[in-house]
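Trainee: using only what follows, build the 3D model:
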Amino acid sequence: MAELKRFGISADKYLVEKFDDYVKRRGYSTRSKAIEDIIRDSLKKEAVSADKKANGAIIVVYNHHKRNLVSKIVEIQHGFHGVAICNQHIHLDHNNCMEIIIVKGTGKEMQHLTNKLRSQKGVKFASLTVACLEECRPEHTLNT
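Mentor: The predicted structure follows:
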């Protein structure tokens, strides 16, 4: 188990009440767990605009009838060898497909790949989610 470090905070009563509602709605057992998750999310967001190493996923929704778009999406991923690790292709309906691309690299690299994909004609949606910073401690990772 990770070593714990205690610290205290002072906050406006109204803010604490709102936070306690948040903790309850999300099903957290303690404020501490909720605060840990908020801190992690903040650090992950910071990684996107920095040179920090991270892991994540890019979700891309596109019109698969758009000429050469599938080839272009694959070509772009090959141009990011080492960043784009693998992908999953999903048929959403007759006109639309989704790619879930697992990525690893700096926040800037992953965002650059997302932007390249997003800018292609026929791409309707592209979004990066940072899942874990490289510094994720072993005790916080999932064992398979």
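Trainee: so which helix or strand takes in the most centrally placed residue in the chain?
Mentor: Residue closest to the average C-alpha location in the chain (CA atoms, centre = their mean): Thr129, at 1.6 Å. In the assignment (DSSP states H and E), Thr129 maps to strand 123-133.
Trainee: can you list the strands that that strand pairs with?
Mentor: Using DSSP bridges, the strands paired with strand 123-133 are strand 53-63 (antiparallel).
Trainee: so where is the chain shaky, pLDDT-wise?
Mentor: The chain contains residues with pLDDT under 70 at 1, 47-50, 133-144.
Trainee: same thing but at 50, please
Mentor: Confidence mapping of the chain against pLDDT under 50 gives the ranges 138, 140-144.
Trainee: longest helix in it, please.
Mentor: Counting residues, the longest helix found in the chain (DSSP state H) is helix 31-48.
Trainee: what packs against that helix?
Mentor: Identification of packing neighbours for helix 31-48 by 3 or more CB pairs under 8 Å, 6 or more residues apart in numbering; DSSP states H and E yields helix 13-26, strand 53-63, helix 107-118, strand 123-133. For glycine as for every other residue, the C-beta is placed from the backbone atoms N, C-alpha and C.
Trainee: residues in contact with that helix?
Mentor: The contact list for helix 31-48 (CB atoms under 8 Å, 6 or more residues apart in numbering) reads 19-20, 22-23, 26, 28, 52-54, 106-108, 110-111, 128, 130-133.
Trainee: 7 Å instead?
Mentor: Residues from elsewhere that reach helix 31-48 (CB atoms under 7 Å, 6 or more residues apart in numbering): 22-23, 26, 28, 54, 107, 111, 128, 130, 133.
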